[in-house]
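Visitor: below are the sequence and a predicted model for it; my questions follow.
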Amino acid sequence: MEVILAETAGFCMGVDLALRRLDKLVAAADGRPIHILGPIIHNPQVLARYAEQGVIIAETPDQVPDGAYAVIRAHGITREVERALRARSVIIKDATCPRVKKAQLLIARHTAGGEVLLLYGERDHPEVRGLVSYAGNGHHIFGSEEELAGIPLSPGTPYVLAAQTTQDRAVFEAMAKRLEGDPALDILVLHTICDATRLRQSETSRLADQVEFMVVVGGLNSGNTRRLAQVATERGTPCVHVETADELDLGELRRHARVGVTAGASTPRVLIDEVLRTLERL
């Protein structure tokens, strides 16, 4: 079997930076408890490792005791939660991905004059909840062209269109082009999708055309990883999304002479390597 690994597989800059900051904090070990406002990234194996080191996931800011560290996850948090934390005697360590932080600030700046935000993203994703909290005059969230078409847009209202940083760039640009082409609408487009997302998706698409089967490695709750599997499937290539090598169907894989492997932005290299070793033994 020939196994081809995507060059972009694994940690992106934002995830790597967030984990380095958390690792540095854990290594300092000054006795203060360390809490993260939600999972720092969407990978259960990484989270289990930090749990073993005493890192605690807090679902709400009031679960972080005074005097403790409060680490802001890579996806960011809402403006309201950050204000609540800063009003208390907790020590904030901000590990928000710089791309996400830039998107938050862009949305805040461009909706400060009364504009309504139109956000392309997953409604229940923590990054999306954070982004829309920066909208100054209300917002609409949609996950598809069909959902966008169902939003009643008023010709007299100024709108700002933006996206979750890990969304499909081609889909977003098609929607932006349609809205900008409507002379009745006042629309400003913010290009907030991360370049790393575009590169991963483009490479996955090309790789899927070159192989008989695709393996995507990463957390099942990771939006950017799920989209990689979706990209491969849309190319007509059979694909499986796994978190670890143990989940691979070896009988199915033995039927293919050429297999492509990629991984989400929150997938550690050790899990990718385990998948590669398993495939190369077939």
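Guide: That came through fine.

Visitor: in the stretch 151-282 of the chain, mark out all the strands, start to finish.
Guide: Using DSSP state E, counting those that start in this stretch, the strands of the stretch 151-282 of the chain run over residues 158-163, 186-189, 213-217, 239-242, 258-263.

Visitor: quick one, strands of the stretch 1-150 of the chain?
Guide: 2-5, 34-37, 56-58, 69-72, 91-94, 116-120, 139-142.

Visitor: and the longest one, what does it pack against?
Guide: In this case it means strand 116-120. Where contact means 3 or more C-beta pairs under 8 Å, 6 or more residues apart in numbering; DSSP states H and E, strand 116-120 is packed against helix 126-132, strand 139-142, strand 158-163, helix 169-180. For every residue, glycine as well, the C-beta is placed using N, CA and C.

Visitor: of all the ones you listed, which lies closest to Gly219?
Guide: helix 126-132 (13.2 Å; C-beta to C-beta).

Visitor: outline the domain layout of the chain.
Guide: Following the assignment in automatic domain parsing, the chain carries domains at 2-10+196-280, 13-97, 100-195.

Visitor: picking that back up, and the helices and strands packed on strand 116-120 as JSON lines, adding mean neighbour count and mean pLDDT?
Guide: Shown next, in JSON lines, are the helices and strands packed on strand 116-120 (neighbours: other C-beta atoms under 10 Å; pLDDT from 0 to 100):
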{"stretch": "helix 126-132", "mean neighbour count": "24", "mean pLDDT": "97"}
{"stretch": "strand 139-142", "mean neighbour count": "19", "mean pLDDT": "98"}
{"stretch": "strand 158-163", "mean neighbour count": "23", "mean pLDDT": "98"}
{"stretch": "helix 169-180", "mean neighbour count": "15", "mean pLDDT": "94"}
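
Visitor: need the ones you listed in JSON lines with distance to Ala149, can you?
Guide: JSON lines is the format used below for these (distance: least, C-beta to C-beta, whole Å):
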{"stretch": "helix 126-132", "distance to Ala149": "19"}
{"stretch": "strand 139-142", "distance to Ala149": "9"}
{"stretch": "strand 158-163", "distance to Ala149": "14"}
{"stretch": "helix 169-180", "distance to Ala149": "9"}
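
Visitor: give the residue spans of the protein that score low on pLDDT.
Guide: Within the chain, no stretch has pLDDT under 70.

Visitor: try 80
Guide: Residues of the chain meeting the criterion pLDDT under 80: 29.

Visitor: ok, back up a step: what about the strands of the stretch 1-150 of the chain, which gets the closest to Ala229?
Guide: Using C-beta to C-beta, the nearest of the strands of the stretch 1-150 of the chain to Ala229 is strand 2-5, at 15.9 Å.

Visitor: mind listing what's buried along that closest one?
Guide: Val3, Leu5 (16 or more other C-beta atoms under 10 Å).

Visitor: hey, C-alpha coordinates of it in CSV?
Guide: Only the C-alpha atoms of strand 2-5 are listed here, as CSV (Å, rounded to 0.1, in the frame of the first residue of the first chain):
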residue,chain,number,x,y,z
GLU,A,2,1.2,3.5,-0.9
VAL,A,3,0.4,6.0,1.9
ILE,A,4,0.5,9.8,1.1
LEU,A,5,0.4,12.3,4.0
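
Visitor: quick one: strands adjacent to it?
Guide: If you go by DSSP bridges, strand 2-5 pairs up with strand 258-263 (parallel).

Visitor: and the strand it pairs with with strand 213-217, angle?
Guide: Interaxial angle, strand 258-263 versus strand 213-217 (axes from the mean of the first three to the mean of the last three C-alpha atoms, to 10 degrees): 20 degrees.

Visitor: most neighbours per residue, which of the strands of the stretch 1-150 of the chain?
Guide: strand 69-72 (a mean of 24; mean count of other C-beta atoms under 10 Å).

Visitor: and it, what does it pack onto?
Guide: helix 13-28, strand 34-37, strand 91-94.

Visitor: now Gln104. Nearest residue, chain neighbours left out?
Guide: Tyr134 (4.8 Å; C-beta to C-beta, 6 or more residues apart in numbering).

Visitor: that neighbour - how many residues pack around it?
Guide: 22 (other C-beta atoms under 10 Å).

Visitor: contacts only, for it.
Guide: Shown in contact with Tyr134 (C-beta atoms under 8 Å, 6 or more residues apart in numbering): Arg79, Gln104, Leu105, Ile107, Ala108, Thr111.
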